[in-house]
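J.: fold the following.
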Amino acid sequence: MPVRESGTIPCTPARCLRLVRQPDINWCVPVCVQMVLGFYNKATDLQDVACALKLLGTDCSGSAMDFPAGREQLVVDVMQGYESRLKVEVKSPGAGVDFWTLIKDQIDTEAPVILFNHGHARVVSGYLSAQISGGVRTVRGLDFFDPLSSTSTCWESFDACRSQYTHLFLSTFTEAGPFAALAGKIGLSRGVWSRLKWATLTRYGSRVAARQARRSAKERKDDGVL
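T.: Sure thing, here's the model as predicted:
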């Protein structure tokens, strides 16, 4: 789970995603990859990402070509190549594939989703589900970071637009070490595990700093400084 500058606040897509606007019409896929990698604290160069996705010429310069259908696995390979602790899956519509549940579950674990529709890519940062008309009807919507938009986030109706959605990219940040494995075995969610971990690390860091301060004061006293 990525952590921001203070080292104590686990990120959520709504809190820590940063919109990157695409420089040209065909850059939406590398920009979305860069946004999600940035959410996981992995700095990347947009030109390098586009080159890794094979959208530039052999010298990795010039304008990007449109991302071709059928090469979605390359997005998975590139993201995992940049960050070895990421596990990325691509999902497409089909029997037993419920895009709404997949998106909702991913956001609930505090991770963004890259969503392809016909000819464009965006990053889902949140969702809304509400009952209206006295509970007769349920409205479901998605919040997006759209690299083509002039605003920070966009909203659209999931049910009105879901026929246009072609692929989802779900990412899981794997925690290294035996304690993370134990957390998985006892059923702690990733968000709860992250908060426990960083609270423990922060408390430990404070104790270490206090011991160092006491040691320094003792050394100064022994040297006759105090």
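J.: number of nearby residues for the spatially closest residue to Gly141 that is not a sequence neighbour?
T.: Nearest non-adjacent residue to Gly141, counting by C-beta to C-beta, 6 or more residues apart in numbering: Leu128, 4.4 Å away. (C-beta placed from N, C-alpha, C; glycine too.) If you count neighbours by other C-beta atoms under 10 Å, Leu128 ends up with 12.
J.: what does Leu128 show for phi and psi?
T.: phi -140, psi 130 (degrees, to the nearest 10).
J.: show me what contacts it?
T.: Going by C-beta atoms under 8 Å, 6 or more residues apart in numbering, Leu128 touches Val139, Arg140, Gly141, Leu142, Asp143, Trp155.
J.: identify, from those residues, the entry nearest to Cys161.
T.: Lowest distance from Cys161 to these (C-beta to C-beta) belongs to Leu142, with 8.3 Å.
J.: how near is the closest one to Ser84?
T.: Per C-beta to C-beta, to the nearest Å, Leu142 is found 29 Å from Ser84.
J.: higher neighbour count, these two?
T.: Leu142 (25 against 9).
J.: specify the beta-bridge partners of that one.
T.: Beta bridges link Leu142 to Tyr127, Glu156, judged by DSSP bridges.
J.: per-residue pLDDT of it, please?
T.: Looking at Leu142, its pLDDT reads 95.
J.: nothing else from me, thank you.
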